[in-house]
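>>> show me how the following folds:
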Amino acid sequence: MRYKLRLTGGKPDEENAQSHSLCRAFKEEESGTLVIFAVFMVLMILMMAGIGIDLMRSERDRTILQHTLDRAILAAADLDQEQAPAKVVDDYFEAAGLDSFLSSVSVDQGLNYKTIGAEAQSITTTAFMKMAGVDTLNATAAGVAEERIANVEISMVLDISGSMSSGSRMPQLRAAATSFVDTVLSPSNEDLVSVSLVPYSQHVNVGPLIYDELNMNHRHDYSHCVEMNDSEYSTTELDLNTTYDQMQHFQWNYSGSNSLTDTICPRYSYERITPFSQDADALNAQIAQLQPRAGTQIFMGMKWAAAMLDPAFNPVVTALANSNDVDDAFSDRPAAFTDPETLKTVVLMTDGQNSSASRIESWAYDSSSDYYHWSRYNLWYYLYRNVSSRSRSSFYETKYTASQGDTLLDNICEAAKDKGIVIWSIGFEVEENSDAADVMESCASSPSHFFLVEGIEISDAFDAIARQINQLRLTE
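Okay, here's the model as predicted:
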């Protein structure tokens, strides 16, 4: 029996080839790659956006918390605040519905300061980050507020010129200045705040104590005013190496009488500068005696106010402290302009504007007999009765015009501000938009440091300045 074997011709090999071809095609196919990448990127963008939203919500909550905390500690640090500091902070957070987030309140206070610190934490539930295992975000709000009466040097410059006799200006000034002194020289400010009182009219009476510490070309014993060159008003410094001329003692206006009450250089003790005092009673007693007289030289009052805040004046203050004429606590004043613990400030008040001023010609004021003569006679009274009209003008010269006075005031105000001295100015019953108002506003450290007041508003101005000297600041 014969068997035949027939082969099918390799069909299985063809099927294998087709399978391999399909695999290679699938492997080399790239048309779906970008779709997969795009899906991946969209998911990543959504995830990042979600994380951003969670972070923004957390920052929003932290900002609200920080704002509440800042307001709370500022209120708690106020030295006039009667409630316990922690209670004040708690009340603020409770009112904002955030009391559960307040972590801690720290209090440090003494006779002249109060420092309040607080910390709070916000907890924000995440909406997207929880998919990555982050269920909440915590953010911390913290701060420290302090109110401190640091060392303060104040020059209070008061206009006592003749125009202050109008109405009730002088009584209102006395009341306002007294209230100011009582506020800044409260018992809690002992040895920290000094007040130099600088009354001014046609000139400034520095008084024998300061006068004797200067190099002076002394002529007479009738009064104690110091003449300065115009260049002196471009700097706060009083050059203790310079020899200054003593101001002539005479009265040149009021031709109708021989009254000598309004001599150009003030001569009464209550018109003298009182340097670096913390004796509120003594200052107020002097203020109570102030009387209106003579013309107005604002720039002279401002020059002495600034000079007494310049460190170059320290040798004078030290000498006065050694003679017990200035409190020992202030023997090292004025402090350096760079001292971060000392605030230097001027409170400058006027009811008018700079007036013109004259001096007797040197030929008629160069001997002891001349000094004596003009101490007894009003210049114009004497000239009208003893000198022919064509010769009268040879006896005197114009020392300052009103516009020159304005320029010198602007110079000394700018010099003081350049040194960091804070200037408050008060225009008392001066016409709004007048030259007087403009000059005083220009002198102030800023428009907000200028007060234009009428009547009893002068007390409000002095009170506002006194309050702001007690600076409340956010320190961290």
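>>> how about the strands in the stretch 151-300 of the chain?
Assigned by DSSP state E, counting those that start in this stretch, the stretch 151-300 of the chain shows strands spanning 151-159, 193-200, 215-217, 226-227, 243-246, 274-277.
>>> now do the second one: distance to the chain's middle.
This points to strand 193-200. With CA atoms, centre = their mean, to the nearest Å as the basis, strand 193-200 stands 17 Å off its chain's centre.
>>> what of the first one?
For strand 151-159, the gap between its own C-alpha mean and the chain's C-alpha mean amounts to 13 Å (CA atoms, centre = their mean).
>>> again, but for the third one
Centroid separation for strand 215-217 versus its chain: 35 Å, with CA atoms, centre = their mean.
>>> tell me the strands beside that strand, with direction?
Strand pairing for strand 215-217, determined by DSSP bridges: strand 243-246 (parallel).
>>> avg pLDDT for the partner strand?
With pLDDT averaged residue by residue, strand 243-246 scores 97.
>>> for the strands of the stretch 151-300 of the chain, give me CSV that also has distance to residue 262 and mean neighbour count.
C-betas here are computed from N, CA, C, even on glycine. Shown next, in CSV, are the strands of the stretch 151-300 of the chain (distance: least, CB to CB, whole Å; neighbours: other CB atoms under 10 Å):
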stretch, distance to residue 262, mean neighbour count
strand 151-159, 15, 24
strand 193-200, 14, 25
strand 215-217, 24, 12
strand 226-227, 18, 20
strand 243-246, 19, 16
strand 274-277, 22, 23
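>>> which residue ranges of the stretch 251-400 of the chain form helices?
280-289, 298-307, 314-322, 368-376, 379-386 (DSSP state H, counting those that start in this stretch).
>>> need the contact partners of the fourth one.
This points to helix 368-376. 219-220, 222, 248-250, 260, 360, 364-365 (CB atoms under 8 Å, 6 or more residues apart in numbering).
>>> so for the closest residue to residue 257 other than its chain neighbours, what's the pLDDT?
Nearest residue to residue 257 in three dimensions, chain neighbours excluded: residue 381, at 6.5 Å (CB to CB, 6 or more residues apart in numbering). Residue 381 is assigned 92 on the pLDDT scale.
>>> ditto for residue 70
91.
>>> before we move on, the earlier item: to residue 196, which of the helices of the stretch 251-400 of the chain lies closest?
Distance to residue 196, taken as CB to CB, is lowest for helix 298-307 among these, at 7.2 Å.
>>> which helices and strands sit right next to the closest one?
strand 151-159, strand 193-200, strand 342-350, helix 402-418 (3 or more CB pairs under 8 Å, 6 or more residues apart in numbering; DSSP states H and E).
>>> buried deepest among the helices of the stretch 251-400 of the chain, which one?
Among the helices of the stretch 251-400 of the chain, the stretch with the highest mean neighbour count (mean count of other CB atoms under 10 Å) is helix 298-307, at a mean of 28.
>>> run the chain-centre distance for it.
On CA atoms, centre = their mean, the centre of helix 298-307 falls 18 Å from the chain's centre.
>>> same question, stretch 430-438
On CA atoms, centre = their mean, the centre of stretch 430-438 falls 23 Å from that of its chain.
>>> next: stretch 320-332.
Counting by CA atoms, centre = their mean, stretch 320-332 comes out at 26 Å from the chain centroid.
>>> can you list contacts of that stretch?
The contact list for stretch 320-332, computed with CB under 8 Å, 6+ apart, reads 190-191, 194, 209-210, 213, 275-279, 314, 317-318.
>>> hmm, back to that, so for residue 155, which of the helices of the stretch 251-400 of the chain sits nearest?
helix 298-307 (3.5 Å).
>>> now do the closest one and strand 193-200, the angle between them.
Interaxial angle of helix 298-307 relative to strand 193-200 (axes from the mean of the first three to the mean of the last three CA atoms, to 10 degrees): 160 degrees.
>>> I'm done for today, thanks for sticking with me.
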